[in-house]
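[1] This is a predicted model, with the sequence first.
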Amino acid sequence: MSIQLIFEFLGTFVFAMSGALAVGEKGQEHDWFGASFIGFVTAIGGGSLRDVLLGSYPLVWVQDVRLLYIILAGIVSAGLFYPVVVKLKRTFQLFDTLGIALFTIVGTEKAISLGFSAEVAVIMGMFSAVMGGVLRDMLTNEIPVLFRKEIYASACMMGAIIYLVLMDLGVERNTTFLAAVIFIIITRLVAIKYNLSLPKFGRQV
Amino acid sequence: MSIQLIFEFLGTFVFAMSGALAVGEKGQEHDWFGASFIGFVTAIGGGSLRDVLLGSYPLVWVQDVRLLYIILAGIVSAGLFYPVVVKLKRTFQLFDTLGIALFTIVGTEKAISLGFSAEVAVIMGMFSAVMGGVLRDMLTNEIPVLFRKEIYASACMMGAIIYLVLMDLGVERNTTFLAAVIFIIITRLVAIKYNLSLPKFGRQV
Amino acid sequence: MSIQLIFEFLGTFVFAMSGALAVGEKGQEHDWFGASFIGFVTAIGGGSLRDVLLGSYPLVWVQDVRLLYIILAGIVSAGLFYPVVVKLKRTFQLFDTLGIALFTIVGTEKAISLGFSAEVAVIMGMFSAVMGGVLRDMLTNEIPVLFRKEIYASACMMGAIIYLVLMDLGVERNTTFLAAVIFIIITRLVAIKYNLSLPKFGRQV
């Protein structure tokens, strides 16, 4: 079992959980089917958009039915732990942070392995990570996460660039994977803790 | 002419009508082009998403230009009958219910015939049915239908499962088609009449 | 360098600019990464949707990395000119109008050159032009541009039809391109100036 597949499974699980939990967190009264639907879309949205844009068929979850059961497990876990985690905003953010870090690298790696350029790979890494959450927010009529959070998608983009630079320098692959994932997680957690954001557009550019 | 094609045509017609009517129903002041655009997206949205996710090209409406004229007929019918139906909420719901029932089975059947797994077929059946309406609601900034209605997408999913179980038991195909369609319609109409919904997520799971 | 490619490059540049500027215009406090993201989605959204629906792979911007740098240049230009243009609503509308005119013809031409029907080509021309803006509006929770503006997507559709009619009449290709683009620009500018819109749906149809 490759590290890429482990990352894909783990990222899918935490995204399904974060999708279902996000609903509960906002206090909206979704039924369990609606919550599961959002968990599912959050989990598959980013990777599906990446594969559709790249024309990489069949999609991962269409081909590998195990991913559907991993998503189901994530949703059920979210429901079981709901009374505890709904009050712990940081827990939700941790799941989301872990998910975006893993998916960034999975997406970047996949685009490169399919022969696309480094620029496209960086975009696809970022899309894999954030677009599931963007779809989740569009479905629930929220302002998409990447326009309201502290440093978020930009951390994914930086992580993807670091991954490509380290690979180009000949660093061993698993080390490169872990370095980029840890960079994204730490950047994001520091940004949350100190409420860091980027300069506004059109001011002092 | 296969029953699948008849269902596809009929479902497309009622979805185009329901898309254009939904706009009028909300009292929003769309011009006829905007209403037609929404009718079009409602009619092709679910099936297009299904085919794009499955990588099944060319898309049905791209290949078969008759579907575009069926959509046009649905929109014109909605416009002609507008003064009558805009006050009849139940009529709109009947069109929508017929559309989701037909598209669920068309989508499930198509995924199976392309060789995908039963799990994927159930999801594709449901997506075919509800995603046109979800796109319609996202375009008009509404809370997507599947988060505000009584039992809705879950009835489609159950109908898709019933279809697959009956097929697996060797029941004749047209009977299976009709049984699953009727199950979805009745479930949905009963849910509307008695205002039935599923339990909330995270409570007593 | 073909006129089609020049149009694609120019349309991409102005759409990236209009996407980033649209954010500033609304007074929302996006950071530069969020503004760039919206500029990017606005620039690639319509063409990507067209190519995904047609199954035309690889997507233009995935294959031709120059487009990514053109988008970057558009976003940076928008940032540099921000203090000036944010107060000039007409400037923004001019960029947007130029973008939709160019993309309509690029999209129509592409669908025809891939062998699709005239009906599908007209829809794909319109989708290329307006769907980037629709995605931009969905991301920022605005009512999509085609439901709130004066004559907009309908001008694109008419331009696409004019293009196909002139081509069918044997008019020289570059002349046809320019005639259709100029038709869309003038129609749109006149509609803005005199606040023209189409009749409401369901009234006097």
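    That came through fine.
[2] Could you report the neighbour count for residue A:3?
    By other CB atoms under 10 Å in any protein chain shown, 14 other residues sit near residue A:3. All C-beta atoms are positioned from the backbone trio N, CA, C, and that covers glycine.
[3] for residue A:39, that is, sorry about that
    Counted with other CB under 10 Å, residues neighbouring residue A:39 total 29.
[4] The one helix or strand it maps to: what's the following helix or strand?
    Assessed by DSSP states H and E, residue A:39 sits inside helix A:32-54. Counting by DSSP H and E, the element after helix A:32-54 in chain order, helix or strand, is helix A:60-63.
[5] which strands and helices sit next to that next one?
    Here helix A:60-63 touches helix A:32-54, helix A:66-85, going by 3 or more CB pairs under 8 Å, 6 or more residues apart in numbering or on different chains; DSSP states H and E.
[6] hey, which of those helices is tucked in deepest?
    Ranked by mean neighbour count, the helices and strands packed on helix A:60-63 are led by helix A:32-54 with a mean of 25 (mean count of other CB atoms under 10 Å in any protein chain shown).
[7] close to chain B, is it?
    Yes: contact check for helix A:32-54 against chain B, using CB under 8 Å from any CB of the partner chain: residues in range are A:32, A:33, A:34, A:35, A:36, A:37, A:48, A:52.
[8] ok, so of these, who is nearest chain B?
    Chain B has its nearest neighbour among those in residue A:35, at 3.5 Å by CB to the nearest CB.
[9] send the alpha carbons of the lowest-mean-pLDDT helix or strand in chain A over as PDB?
    Lowest on mean pLDDT, DSSP states H and E among the helices and strands of chain A sits helix A:145-148, with a mean of 72. C-alpha atoms of helix A:145-148 as PDB (Å, rounded to 0.1, in the frame of the first residue of the first chain):
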ATOM      1  CA  VAL A 145     -13.900  29.100   3.400                       C
ATOM      2  CA  LEU A 146     -11.000  30.400   1.400                       C
ATOM      3  CA  PHE A 147     -12.400  34.000   1.500                       C
ATOM      4  CA  ARG A 148     -13.100  34.100   5.200                       C
END
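[10] about what we covered before: got a markdown table for the residues of helix A:32-54 next to chain B, with pLDDT and distance to chain C too?
    Listed next are the residues of helix A:32-54 next to chain B as a markdown table, based on pLDDT from 0 to 100; distance: CB to the nearest CB, whole Å:
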| residue | pLDDT | distance to chain C |
| --- | --- | --- |
| A:32 | 85 | 26 |
| A:33 | 89 | 24 |
| A:34 | 88 | 20 |
| A:35 | 88 | 22 |
| A:36 | 92 | 23 |
| A:37 | 93 | 18 |
| A:48 | 97 | 11 |
| A:52 | 98 | 6 |
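[11] Tabulate those residues (TSV), appending distance to residue C:128.
    What follows is the residues of helix A:32-54 next to chain B, written out as TSV (distance: CB to CB, whole Å):
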residue	distance to residue C:128
A:32	40
A:33	36
A:34	34
A:35	36
A:36	35
A:37	30
A:48	22
A:52	17
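[12] roughly how far is the helix holding residue A:39 from the heart of the chain?
    In this view, helix A:32-54 has its centroid 11 Å away from the chain centroid, taken as CA atoms, centre = their mean, to the nearest Å.
[13] following the helix of greatest length in chain A, which helix or strand shows up next?
    The residue-count maximum for a helix in chain A (DSSP state H) belongs to helix A:89-113. Per DSSP H and E, helix A:89-113 leads on to helix A:118-139 as the next helix or strand towards the C-terminus.
[14] Check which helices and strands that next one sits against.
    For helix A:118-139, the contact count by 3+ CB pairs under 8 Å, 6+ apart identifies helix A:3-25, helix A:32-54, helix A:89-113, helix A:145-148, helix A:153-168, helix B:118-139, helix C:66-85, helix C:118-139 as packing neighbours.
[15] worst average pLDDT in those?
    Looking at these, the lowest mean pLDDT belongs to helix A:145-148 (a mean of 72).
[16] who touches the closest residue to residue A:75 other than its chain neighbours in this structure?
    Excluding the flanking residues, the one nearest residue A:75 by CB to CB, 6 or more residues apart in numbering or on different chains is residue A:39, at 4.4 Å. By CB atoms under 8 Å, 6 or more residues apart in numbering or on different chains, residue A:39 lies in contact with A:15, A:16, A:17, A:19, A:20, A:71, A:74, A:75, A:78.
[17] quick one: which of the residues you listed is nearest chain C?
    So of the contacts of residue A:39, ranked by how close each gets to chain C (CB to the nearest CB), first place is residue A:19, at 18.2 Å.
[18] Alpha carbons of the helix holding residue A:39, as CSV, please.
    Output of helix A:32-54 as CSV, limited to C-alpha atoms (Å, rounded to 0.1, in the frame of the first residue of the first chain):
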residue,chain,number,x,y,z
TRP,A,32,-28.7,12.8,8.8
PHE,A,33,-29.1,12.3,5.1
GLY,A,34,-28.3,16.0,4.3
ALA,A,35,-25.3,15.9,6.7
SER,A,36,-24.1,12.7,5.0
PHE,A,37,-24.6,14.2,1.6
ILE,A,38,-22.4,17.2,2.6
GLY,A,39,-19.8,14.9,4.1
PHE,A,40,-19.7,13.0,0.9
VAL,A,41,-19.4,16.0,-1.3
THR,A,42,-16.7,17.5,0.9
ALA,A,43,-14.7,14.3,0.8
ILE,A,44,-14.9,13.7,-3.0
GLY,A,45,-15.3,17.3,-4.3
GLY,A,46,-11.7,18.4,-4.5
GLY,A,47,-10.3,15.2,-5.9
SER,A,48,-13.2,14.8,-8.4
LEU,A,49,-12.7,18.3,-9.7
ARG,A,50,-9.0,17.7,-10.1
ASP,A,51,-9.6,14.5,-12.0
VAL,A,52,-12.3,15.9,-14.2
LEU,A,53,-10.1,19.0,-15.1
LEU,A,54,-7.2,16.7,-15.9
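[19] interface residues of chain A facing chain B?
    Counting by CB under 8 Å from any CB, chain A comes close to chain B at A:20, A:23-24, A:28-37, A:48, A:52, A:57-59, A:62, A:65, A:68, A:76, A:78-80, A:82-83, A:86, A:138-141.
[20] Count the residues that sit near residue A:108.
    Neighbour count for residue A:108, taken as other CB under 10 Å: 33.
[21] State the distance from residue A:84 to residue A:136.
    According to CB to CB, to the nearest Å, residue A:84 stands 21 Å off from residue A:136.
[22] before we move on, the earlier item: Throw the helices and strands packed on helix A:118-139 into a markdown table and include distance to residue C:100, thanks.
    Formatted as a markdown table, the helices and strands packed on helix A:118-139 follow (distance: least, CB to CB, whole Å):
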| stretch | distance to residue C:100 |
| --- | --- |
| helix A:3-25 | 35 |
| helix A:32-54 | 22 |
| helix A:89-113 | 30 |
| helix A:145-148 | 24 |
| helix A:153-168 | 27 |
| helix B:118-139 | 18 |
| helix C:66-85 | 15 |
| helix C:118-139 | 4 |
